[in-house]
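Peer 1: Sequence below, structure please.
(one chain, ligands or ions: 1)
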Amino acid sequence: MSAPQLLDEILDDDVPVLIDHQVGPSAPEDTAEISHSVPLTIISGFLGAGKSTLLRRILTEHHGYRIAVIMNDFGDTAYRLVAKTINVATASDPTAEASEEVLELANGCLCCSIKDSGIAAIEKLMQRKGAFDYILLETTGLADPGPIASIFWQNEDFTRGSGRDITLDGVVCVVDAMFGRKQIEEDHADDGIGESLRQVAAADVILLNKVDLVSTSELEILEAQLRMINPAAAIHRTTRAEVDVKHVVNINAYASGPSRRSVHDHDHDADTLHEHGTHYEVRGISSLQVSCPVLTPDTHTKLDAWIRSVLWEREIPGVSEGSSSLEVLRCKGMFRTTSGETFVLQGVRSMYDIAPLEAGEPGELEEGKLVLIGKGLGDAVRSSLQALLNSSS
Ligand SMILES: Nc1nc2c(ncn2[C@@H]2O[C@H](COP(=O)(O)OP(=O)(O)OP(=O)(O)O)[C@@H](O)[C@H]2O)c(=O)[nH]1
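Peer 2: You can find the predicted model right below:
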């Protein structure tokens, strides 16, 4: 089903009545003077995996958000970004109507579109701020969400301009339980990392959808593959994208560190994969996960420099030659320092941020952890990082 068709269908259906507003204001006019950042969730996923089904599920759930939807569609040669504010009736205003705004984008690439003409689209959307308090952005099954996420997160031009009131909440990837393995394995790309792998790598949450169509053993193999590619993401098995909305919306993924799976779990997944074989080594994508001790201020500074070197120069500190194959798609981490502070590392491709955990944010830390996902993350990278971290103890 195309995106506009889906929305038409949703809007034709009985419009759900929203209950309490937990985040946003109850009516646009109440909010004209109130400034608050609108969270944005990117929904990516394999072709036909169930992205629209997830979107529909979120839109019809009683969660209390008024949601603006940005989606692109294969209706014609160029992508179109369709922004609709689902101005759903509320208990206080049962007559409120859904409104629609179609924003045409000339450029065929969603990422470039948002950067260029798409800025106008976002600006237009933000002028309606107050009419919604959450944004869902559905990418096509062929899009790599990494560059799109980068635009909404840590992009100074955008975040100082029209995007200043938008906060990237998280990236959700829907994977087809039935065809997921096939899609990943057949997804050849020139640089060796196909879009489906990039989507999994960039995700904070993975919905392993259509579990009704496969056996438990097939599911376990695919889940192990996904964990191998991205050990930092939370994985939920779903049928028709039925997941508690709290696992996909308002997850605040860019404020917290990696989800807390133990290294033991990861090793187990690696064993499962070993038994069944994997193609990821061929494509060169892998993940690197290391425990992080409590860091001294000096090591903290060195870690910052290490990340810059690896992400920006593609050079592994302590290793004489740079590696053209080194490419980090996603990094995440959380660690404590001897000053008693907890820091969160967040990175999407070449952009990264290490920021102290704000008071009140979730993040009780038993053990520090750093996770890198990308290409060329072999033993040399692990040893270099380990040597740096060991210098703290
Ligand atoms: N059996 C089964 N079918 C599902 C499930 N989830 C979605 N579907 C069906 O799979 C088909 C594709 O679902 P969509 O939600 O349109 O997938 P999509 O990812 O938005 O598709 P594209 O936008 O074309 O990439 C539809 O016919 C859905 O009804 C599920 O868990 N089990």
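Peer 1: and for stretch 177-186, what are the contacting residues?
Peer 2: 46-49, 176, 194, 196-197, 200, 208-211, 213-214, 218-219, 221-222, 225-226, 237, 279 (Cβ atoms under 8 Å, 6 or more residues apart in numbering). Every C-beta, even on glycine, is put in place using the N, C-alpha and C of the backbone.
Peer 1: let's go with 6 Å and repeat that
Peer 2: With contact meaning Cβ atoms under 6 Å, 6 or more residues apart in numbering, stretch 177-186 is reached by 46, 196, 208, 210, 211, 213, 214, 222, 279.
Peer 1: Up against the ligand, what does the stretch 201-350 of the chain have?
Peer 2: Within the stretch 201-350 of the chain, the positions adjacent to the ligand are 209, 210, 212, 213, 239, 240, 241 by Cβ under 6 Å from any ligand atom.
Peer 1: Name the nearest residue to the fourth one, ignoring sequence neighbours.
Peer 2: By that I understand residue 213. Leaving aside its sequence neighbours, residue 213 sits nearest to residue 178 (Cβ to Cβ, 6 or more residues apart in numbering; 4.5 Å).
Peer 1: isn't there a helix covering that neighbour?
Peer 2: No: counting by DSSP: H, G, I helix; E, B strand; the rest coil, one finds residue 178 to be coil, located in no helix.
Peer 1: Now residue 249, what are its backbone angles?
Peer 2: Residue 249 has phi and psi values of phi -120, psi 140 when expressed as degrees, to the nearest 10.
Peer 1: got a list of what it touches?
Peer 2: By Cβ under 6 Å, 6+ apart, the neighbours of residue 249 are residue 41.
Peer 1: Can you report how many residues lie near the residue nearest to residue 213?
Peer 2: Residue 178: 19 surrounding residues under other Cβ atoms under 10 Å.
Peer 1: Most neighbours of all the contacts of stretch 177-186, which one?
Peer 2: Busiest of the contacts of stretch 177-186 [other Cβ under 10 Å] is residue 196, holding 28 neighbours.
Peer 1: That one reaches residue 44, doesn't it?
Peer 2: No: the pair residue 196 and residue 44 does not pass the contact test of Cβ atoms under 6 Å, sitting 9.7 Å apart.
Peer 1: Now tell me which helix or strand of this protein has the poorest mean pLDDT.
Peer 2: helix 263-276 (a mean of 36; mean pLDDT, DSSP states H and E).
Peer 1: What separation do you get for the residue nearest to residue 213 and the ligand?
Peer 2: Applying Cβ to the nearest ligand atom, to the nearest Å, the value for residue 178 to the ligand is 8 Å.
Peer 1: How about residue 69?
Peer 2: Using Cβ to the nearest ligand atom, residue 69 is found at 13 Å from the ligand.
Peer 1: doesn't residue 166 make contact with residue 38?
Peer 2: Yes: counting by Cβ under 6 Å, residue 38 sits close enough to residue 166 to count as a contact (5.5 Å).
Peer 1: List the buried residues of stretch 326-337.
Peer 2: Within stretch 326-337, the residues that count as buried by 16 or more other Cβ atoms under 10 Å are 326, 327, 328, 329, 330, 331, 332, 333, 334, 335, 336, 337.
Peer 1: Other residues contacting that stretch?
Peer 2: Under Cβ under 6 Å, 6+ apart, the answer for stretch 326-337 is 146, 201-202, 232, 257-258, 292, 294-295, 300, 311, 314, 342-345, 347, 365, 368-376.
Peer 1: Below-threshold pLDDT in the stretch 51-200 of the chain: ranges please.
Peer 2: For the stretch 51-200 of the chain, the stretches flagged by pLDDT under 70 are 63, 71-131, 140-148, 150-164, 186-193.
Peer 1: Low-confidence ranges, the stretch 201-350 of the chain, go.
Peer 2: 255-285, 321-324, 348.
Peer 1: The same query, at a cut-off of 50, please.
Peer 2: 257, 259-282 (pLDDT under 50).
Peer 1: what ranges do the helices span in it?
Peer 2: In the stretch 201-350 of the chain, the helices defined using DSSP state H, counting those that start in this stretch lie at 216-229, 263-276, 280-283, 297-308.
Peer 1: Outline the domain layout of this structure.
Peer 2: 3-247, 263-390 (automatic domain parsing).
Peer 1: and the residues of the stretch 201-350 of the chain next to the ligand, which are buried?
Peer 2: Buried by 16+ other Cβ under 10 Å: 209, 210, 241, out of those.
Peer 1: For the first one, give its distance to residue 197.
Peer 2: Using Cβ to Cβ, to the nearest Å, we find residue 209 at a distance of 18 Å from residue 197.
Peer 1: What count of nearby residues applies to the closest residue to the ligand within the stretch 251-393 of the chain?
Peer 2: Here the stretch 251-393 of the chain gets closest to the ligand at one residue, residue 251, 20.0 Å apart by Cβ to the nearest ligand atom. Neighbours of residue 251 under the rule other Cβ under 10 Å: 20.
Peer 1: now the strands: where do they sit in the stretch 151-300 of the chain?
Peer 2: Residue ranges of the strands in the stretch 151-300 of the chain, as given by DSSP state E, counting those that start in this stretch, are 166-176, 205-209, 234-238, 285-292.
Peer 1: On the three-state scheme, the nearest residue to residue 286 once chain neighbours are set aside is what?
Peer 2: Excluding the flanking residues, the one nearest residue 286 by Cβ to Cβ, 6+ apart is residue 377, at 5.3 Å. At residue 377 the chain is in coil, as set by three-state DSSP.
Peer 1: Can you tell me how far residue 377 is from residue 231?
Peer 2: 12 Å.
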